[in-house]
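S.K.: My questions concern the predicted model and sequence given below.
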Amino acid sequence: MQIDEPSTANDKINQIDSSTVLQINAGKKPWLTVEEQIQRLEAQGVKFELYPRDKAKAYLEKNNNYFRLKSYRKTFQKYDAGENEGKYISLDFAMLVDLSVIDFRLRQQMLPMTLDIEHFEKMRLLKRIEDEGKDGYRIVADYINSNDIKQDGKITNRVKNDINRGKTSPYIADLISSYENFCYPAWAFMEVIAFGTFLDFYKFCAEQFDGTSMRNNFYLLKSIKSMRNACAHNNCILNDLTAGKARHSSYILTRAMGPIKGISKQTRRSRLSNDRLQEIATTLYKHQEVASEGVYNHRLKELSIFANRLHKNAKYYKSNPQVIASFEFIAKLIGAWYSSPYV
């Protein structure tokens, strides 16, 4: 005779009855075929005049994800009333494709620029530590120890955990093992920590040096870290260009834009109210400030090509001032900060 084993608490937790499954599925968006995706877009007011339906079908099958592509519609307005109420105004599938392509090319520019900034800011911090007459080992030890947290009778340290995760890396494992008991000089320490930990160490040094300029710069670097993460994770950046309320503002960035022709005080306020545009502007500004001659000149050429691409299909967006103004804003920043070879 078979004896049923008693159900454990975990078994009961893991059991989901059919009514719960129905409730979960009821809240899910249905899986759509490519033809249904196109029909859904048409129902929302998206036209296929500049980009034929058959071509759009092939694009959705081979080039881009439907849910990713349609996110670019956020910047387009909808009819408030009438027979087209709730549908998008003057939105063609070609515009979604164009924005997606520009966004891809933007990430190709922003990611290496954020990596350049990280490199040069590390160099600058090492120079500042030297200028302050600080012991490169001592300041790292003080920083690591400041992160000790006592919990349940045990001491944990997130910086040490961050470093320990690199012990399996083929790129930094040897460097990590070269120093025992986390006794790193500043130059080696910066090579084995993540960008986020570097920013925290940067802030720690700013407080040690009583450096107002360093503290201001820290907040610029936080924006650049956010941009780097977005690019590294292949997130859409240009899928929401509407004005809003930025999470933070930067006097340094606003002041740097003051001399740029065509960017008024009102334009700065409006464009920088969008977090995405603010992070793009911060990355462009910071890069041209810290990059070496060779790195700057290389990026100048690439950005010039990108700026021209922004205007390629400008006629698409005649009825969308948000897109036009945002592209002009980015192009003017590039023109002002990357207009000629490094001097």
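M.R.: Received the coordinates, thanks. Numbers count the residues shown, from 1 in each chain.
S.K.: Which parts of the stretch 101-250 of the chain are strands?
M.R.: Ranges of strands in the stretch 101-250 of the chain, per DSSP state E, counting those that start in this stretch, are 148-151, 154-157.
S.K.: Contacts only, for Ile324.
M.R.: Residues near Ile324 by CB atoms under 8 Å, 6 or more residues apart in numbering: Ala314, Tyr317, Lys318. All C-beta atoms are positioned from the backbone trio N, CA, C, and that covers glycine.
S.K.: Give the buried residues for the helix or strand hosting it.
M.R.: Following DSSP states H and E, one finds Ile324 within helix 321-337. Neighbour counts over helix 321-337 (16 or more other CB atoms under 10 Å) mark 322-334, 336-337 as buried.
S.K.: hey, which of the strands of the stretch 101-250 of the chain is tucked in deepest?
M.R.: Mean neighbours per residue, mean count of other CB atoms under 10 Å, is largest over those for strand 154-157, with a mean of 11.
S.K.: what comes into contact with that one?
M.R.: Ile144, Asn147, Asp148, Ile149.
S.K.: partners of that strand in the sheet?
M.R.: strand 148-151 (antiparallel) (DSSP bridges).
S.K.: quick one: the partner strand to chain centroid distance?
M.R.: Between the centre of strand 148-151 and the centre of its chain there are 32 Å (CA atoms, centre = their mean, to the nearest Å).
S.K.: Which elements pack onto the lengthiest helix in the chain?
M.R.: Scanning the chain for the longest helix, with DSSP state H as the assignment, gives helix 93-131. Using 3 or more CB pairs under 8 Å, 6 or more residues apart in numbering; DSSP states H and E as the contact test, the elements touching helix 93-131 are helix 66-69, helix 136-145, helix 186-189, helix 195-209, helix 212-232, helix 275-290, helix 293-310.
S.K.: low pLDDT regions in the protein?
M.R.: 1-30, 341-343 (pLDDT under 70).
S.K.: 50 - rerun?
M.R.: Applying pLDDT under 50 to the chain picks out residues 1-13, 21-22, 24.
S.K.: of all the contacts of strand 154-157, which comes closest to Arg309?
M.R.: Asn147 (44.0 Å; CB to CB).
S.K.: Could you export the contacts of strand 154-157 as JSON lines, including distance to Met123?
M.R.: Shown next, in JSON lines, are the contacts of strand 154-157 (distance: CB to CB, whole Å):
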{"residue": "Ile144", "distance to Met123": "21"}
{"residue": "Asn147", "distance to Met123": "24"}
{"residue": "Asp148", "distance to Met123": "29"}
{"residue": "Ile149", "distance to Met123": "31"}
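S.K.: mind checking how far stretch 209-227 is from the chain centre?
M.R.: Mean-position distance between stretch 209-227 and its chain equals 16 Å (CA atoms, centre = their mean).
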